[in-house]
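In: Can you look at this prediction? I've put the sequence above it.
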Number of protein chains: 4
Amino acid sequence: MAQRTASAEDKRQLLLGAAVRVFAEKGYHAARVGDIAEEAGVAYGLLYHYFRSKDEVLETIFQTTWRNMLATVESIAEAGGPAGEQLRKVTEVILRTWRRDPDLVRVLVREVTRSSQLPRQVDEIAAALRALQAVIERGQAAGELRADIDARLASVVWYGALEEVLTGWVLGRLADDDEGIAEAEQTVVAMLGNGLVPR
Amino acid sequence: MAQRTASAEDKRQLLLGAAVRVFAEKGYHAARVGDIAEEAGVAYGLLYHYFRSKDEVLETIFQTTWRNMLATVESIAEAGGPAGEQLRKVTEVILRTWRRDPDLVRVLVREVTRSSQLPRQVDEIAAALRALQAVIERGQAAGELRADIDARLASVVWYGALEEVLTGWVLGRLADDDEGIAEAEQTVVAMLGNGLVPR
Amino acid sequence: MAQRTASAEDKRQLLLGAAVRVFAEKGYHAARVGDIAEEAGVAYGLLYHYFRSKDEVLETIFQTTWRNMLATVESIAEAGGPAGEQLRKVTEVILRTWRRDPDLVRVLVREVTRSSQLPRQVDEIAAALRALQAVIERGQAAGELRADIDARLASVVWYGALEEVLTGWVLGRLADDDEGIAEAEQTVVAMLGNGLVPR
Amino acid sequence: MAQRTASAEDKRQLLLGAAVRVFAEKGYHAARVGDIAEEAGVAYGLLYHYFRSKDEVLETIFQTTWRNMLATVESIAEAGGPAGEQLRKVTEVILRTWRRDPDLVRVLVREVTRSSQLPRQVDEIAAALRALQAVIERGQAAGELRADIDARLASVVWYGALEEVLTGWVLGRLADDDEGIAEAEQTVVAMLGNGLVPR
DNA sequence: AATGAATGAGTTTTCATTCAT
DNA sequence: TATGAATGAAAACTCATTCAT
């Protein structure tokens, strides 16, 4: 029975992986349920054994990703160290997702607004934002970061910058080779951390 | 005939305004052509005298908005003055759109990804980004801004921050009263301009 | 506009007539919306201009028929005369529907139960039953009919007998030539009528 | 092996009983095979060990019920006695089914038409009608019943009256307490019986 | 006998768009 | 210009049934 459960979980993952590829290629809306099933090599009816609807598939992708993101940010935060260094690590982790799983990022970037319609997703994203905010607040408390800036707003600004860089890569607006990625990391950290104005 | 043209233009605007309200309320996809016509108080067939398709209506909204945005950014750039001040003005203009026309911002934020699918839009957004980039480059040339940061990346980061603040307002994640708006402006300018790290 | 309305009403009738024929032939469930449209010679989308759903088409057929039935029964009742004679006329009118519009009777008989699921129909049928009941009550009050029998039950029994005769014709269980119809009328009236007459 | 067979028969009955309850509650069409299995407390695949299809389940319910009905009517007929008394007994047996197994009657009444599509059912019902007809014919031959009324038609009328009374109870149109049931029996017998008796 | 994962046929309905008036 | 009747493409989803285990 453990076997059966494991196998069922495998099938779920198989479908989820196929969905990411298909959504990345054609977009959520244009992707037909049959495309996902075909990509996964199963009959489309099977998708409805594992998910309530096509929507739930996307929702699951978002939820899983954000949960992981949240866990990563939190583990970085818990690891301690200078706030600036923590923010650099968060930036690095998030931006490197592009190299690790470009299809996933494509889906995330293209369907953000769809996800934000769904109340549940908002919670997940909000949780990640709060984690980022907490890092900033601790940095402010420790005197490492400016205390005259609202931590929540700062987290929103930081997150927006990251999302837009990813969007730039997805849309081909920005160079996404190794050098481009490294430069983006540095730029985000430099601009947000130290500012654009020379000192 | 001038009158007729004017009247035709009025009808177009009437339909566009109605479309913004309807798209803001139900989202582009859920909005039916009939809803827009009803909101505008005309028969739905009439929409096809002024627009080729429902898609073109959204496209027009984006194009017009971005053209205005671009013109504004360019006029700020042409007006001259310190780069930092120019960036502050751009930030102010973009963020105050929320107060001026929240429905428009709702549509823009909710349908960004759809817009980025449409090739024509990319140009408009890209043009606005280039204008922002130009401001930064001039600031770098004048020694007012750090020259070790890629201007294109900087424009992307800046734009991302603005978009995410608007998103925060749309989703109710951030306070959007006058004070909240003022604080957001200052925070964006402060963080991106001067950095989060105290000097 | 009167013309347009008339034409619209014609189209509705066209679709309703086609629906009766198709439902009669294949049954409501097996009948596809496309079959009705094809029978009517229009595109199936048009059906949705005139009816909310396939269900509403059937509902309309029932409602119209029962409304007519009710009107007929009431007009017979209002015409006055001996109760027995009124019941004979009602029987005649209902049974002769089979000759007048066999397809309609086929639909009515085959889909009775479906109609009784729909709350609105219940009212229509109930109204017709009440009219029949009223005829019986007046006959009882006038001493023409036995007063020791509950008029409501009597109307139900009478109606059941009529429905089953129609069912017999629909299923080919009973002869439905002119002679068969005449005999059925006489039999129903004889069995039910003489039973109601005091001795 | 007798045990195994008995157990298998039990499972069949278990499933049939569950099907009656589920069909009574949601109707045949809305009832899913899974619902029946769940009501019976077994996996839905098991249903296919005992029945060829969902349709066969309903068919079996009808067949069993009608076979019993037929047997009952025939045993009443064979017991002899005055025809009027026999008809009273038949009426009593059929109407009391409502008290004995309301769910079964609900299914029978709601799905009559569905059953009449199925050729096999027609035979069963036809057989019961013939039995009723035989009772009447014997009554006519014995001079106890009017001979000027067609026995087949009379059986149809009688059956229709019974079915409609049951329908009235199912739909809540008629009182179905003990008194209501008793009155219905008497009314049917009085109306139909006295009408058949020569004067 | 029992389970439930897997299959895929089958159909209503929506709604953007066209076009006769 | 304006109307709204007419068209038909397009796809998610349900659920009866099969079958490997």
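Out: On my side now, so go ahead. Numbering: from 1, shown residues only, chains lettered A, B, ... in the order given.
In: check whether stretch A:139-148 contacts chain B.
Out: Yes. In terms of CB under 8 Å from any CB of the partner chain, part of stretch A:139-148 sits within range of chain B, namely A:143-146, A:148. Just so you know, the C-beta spots here come from the backbone N, C-alpha and C atoms, and that holds for glycine as well.
In: By neighbours, which of those wins?
Out: A:Leu145 (25 neighbours; other CB atoms under 10 Å in any protein chain shown).
In: List the contacts of A:Ile61.
Out: A:16, A:19-20, A:23, A:104, A:107 (CB atoms under 8 Å, 6 or more residues apart in numbering or on different chains).
In: Let's see that with 10 Å instead.
Out: A:16-17, A:19-20, A:23, A:28, A:104, A:107-108, A:111, A:115 (CB atoms under 10 Å, 6 or more residues apart in numbering or on different chains).
In: Narrow those to those in strands?
Out: Among these, the subset assigned to strands under DSSP state E is empty.
In: Now, those residues that are in helices?
Out: Among these, DSSP state H puts A:16-17, A:19-20, A:23, A:104, A:107-108, A:115 in helices.
In: and the residue in chain A that DNA strand E sits nearest to, how many neighbours does it have?
Out: Closest residue of chain A to DNA strand E, CB to the nearest atom of the strand: A:Gly45 (1.9 Å). Neighbourhood size, A:Gly45 [other CB under 10 Å]: 9.
In: Pull up the gap between it and A:Lys26, please.
Out: Separation of A:Gly45 from A:Lys26 (CB to CB, to the nearest Å): 21 Å.
In: quick one: low-confidence parts of chain A?
Out: A:1-6, A:115-122, A:195-199 (pLDDT under 70).
In: ok, now with 80
Out: Low-confidence segments of chain A (pLDDT under 80): A:1-9, A:113-123, A:195-199.
In: All the helices of it, residue numbers only.
Out: A:2-26, A:33-40, A:44-50, A:54-79, A:83-100, A:102-110, A:112-117, A:119-141, A:151-170, A:178-188.
In: Next, the buried residues of the last one.
Out: Burial within helix A:178-188, assessed by neighbour count using 16 or more other CB atoms under 10 Å in any protein chain shown, is assigned to A:180-181, A:183-188.
In: Return only those of those found close to chain B.
Out: Contacts with chain B within the buried residues of helix A:178-188, counted by CB under 10 Å from any CB of the partner chain: A:180, A:183-184, A:186-188.
In: From the contacts of A:Ile61, pick the one nearest chain C.
Out: Nearest to chain C among the contacts of A:Ile61 is A:Tyr28, at 26.5 Å by CB to the nearest CB.
In: Ramachandran coordinates for the closest one?
Out: The phi/psi pair for A:Tyr28 (degrees, to the nearest 10) reads phi -60, psi -50.
In: got the end-to-end distance for stretch A:165-184?
Out: End-to-end distance of stretch A:165-184 (CA to CA, to the nearest Å): 7 Å.
In: Tell me which residue of chain A lies closest to chain D.
Out: For chain A, CB to the nearest CB, closest residue to chain D: A:His49, 12.4 Å.
In: can you pull the contacts of A:Ala154?
Out: A:87, A:132-133, A:135-137, A:139-140, A:145-146, A:192, B:161, B:187-188, B:190-191, B:196.
In: And these, which of them are buried?
Out: Applying 16+ other CB under 10 Å to these flags A:87, A:132-133, A:135-137, A:139-140, A:145-146, A:192, B:161, B:187-188, B:190-191, B:196 as buried.
In: before we move on, back to that, most neighbours per residue, which of the helices of chain A?
Out: Stretch with highest mean neighbour count among the helices of chain A: helix A:151-170 (a mean of 24; mean count of other CB atoms under 10 Å in any protein chain shown).
In: Now do that one against helix A:2-26, angle only.
Out: In terms of direction (axes from the mean of the first three to the mean of the last three CA atoms, to 10 degrees), helix A:151-170 departs from helix A:2-26 by 70 degrees.
In: which bits of chain A sit near DNA strand E?
Out: A:4, A:7-8, A:11, A:42-46, A:48-49 (CB under 7 Å from any atom of the strand).
In: One more pass at 10 Å, please.
Out: Within reach of DNA strand E by CB under 10 Å from any atom of the strand, chain A has these residues: A:1, A:4-5, A:7-8, A:10-12, A:14-15, A:33-34, A:37, A:40-50.
In: pretty sure A:Arg88 contacts A:Val189?
Out: Yes. Taking CB atoms under 10 Å as the definition, A:Arg88 is a contact partner of A:Val189 at 4.9 Å.
In: hmm, back to that, now the residues of stretch A:139-148 next to chain B in JSON lines, please, with extra columns for distance to chain D.
Out: Below are the residues of stretch A:139-148 next to chain B laid out as JSON lines (distance: CB to the nearest CB, whole Å):
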{"residue": "A:Gly143", "distance to chain D": "63"}
{"residue": "A:Glu144", "distance to chain D": "60"}
{"residue": "A:Leu145", "distance to chain D": "58"}
{"residue": "A:Arg146", "distance to chain D": "61"}
{"residue": "A:Asp148", "distance to chain D": "62"}
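In: Which one of those is nearest to D:Val73?
Out: A:Leu145 (92.4 Å; CB to CB).
In: my guess is the closest one meets A:Ala83, correct?
Out: Yes. Using CB under 10 Å, A:Leu145 is in contact with A:Ala83, at 5.4 Å.
In: How about A:Glu183: what's its closest non-neighbour residue?
Out: B:Asp150 (6.3 Å; CB to CB, 6 or more residues apart in numbering or on different chains).
In: which residues touch that neighbour?
Out: A:174-175, A:180, A:183-184, A:186-187, B:133, B:136-137, B:140, B:156-157.
In: what do you get for A:Arg12?
Out: A:47, A:49-51, A:57, A:60.
In: among those residues, which two are most distant?
Out: A:His49 and A:Thr60, at 13.9 Å, using CB to CB across these.
In: residues shared between the contacts of the two?
Out: In contact with both A:His49 and A:Thr60: A:12, A:15, using CB under 10 Å, 6+ apart.
In: and chain A, which residues reach DNA strand F?
Out: A:3-4, A:26, A:28-37, A:43-49, A:51-57.
In: Assess the claim that the residue of chain A closest to chain D and A:Ala37 are in contact.
Out: No. Contact criterion CB under 10 Å: A:His49 and A:Ala37 do not qualify, at 11.3 Å.
In: if we can go back for a sec, TSV please, covering the ones in helices among the contacts of A:Ile61 and showing distance to C:Arg67.
Out: Below are those laid out as TSV (distance: CB to CB, whole Å):
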residue	distance to C:Arg67
A:Leu16	55
A:Gly17	59
A:Ala19	52
A:Val20	57
A:Phe23	52
A:Leu104	61
A:Val107	55
A:Leu108	58
A:Ser115	51
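In: Would you agree A:Ala24 is in contact with A:Leu58?
Out: No. Taking contacts as CB under 10 Å, A:Ala24 lies outside contact range of A:Leu58: 11.7 Å.
In: measure the closest residue in space to A:Val73 that isn't next to it in sequence to A:Asn68 for me?
Out: In this structure, A:Val73 finds its nearest non-sequential neighbour in A:Ala131, 4.4 Å apart by CB to CB, 6+ apart. Distance, A:Ala131 to A:Asn68, by CB to CB: 12 Å.
In: Please identify every residue contacting each of the two.
Out: Common neighbours of A:Ala131 and A:Asn68 (CB under 10 Å, 6+ apart) do not exist.
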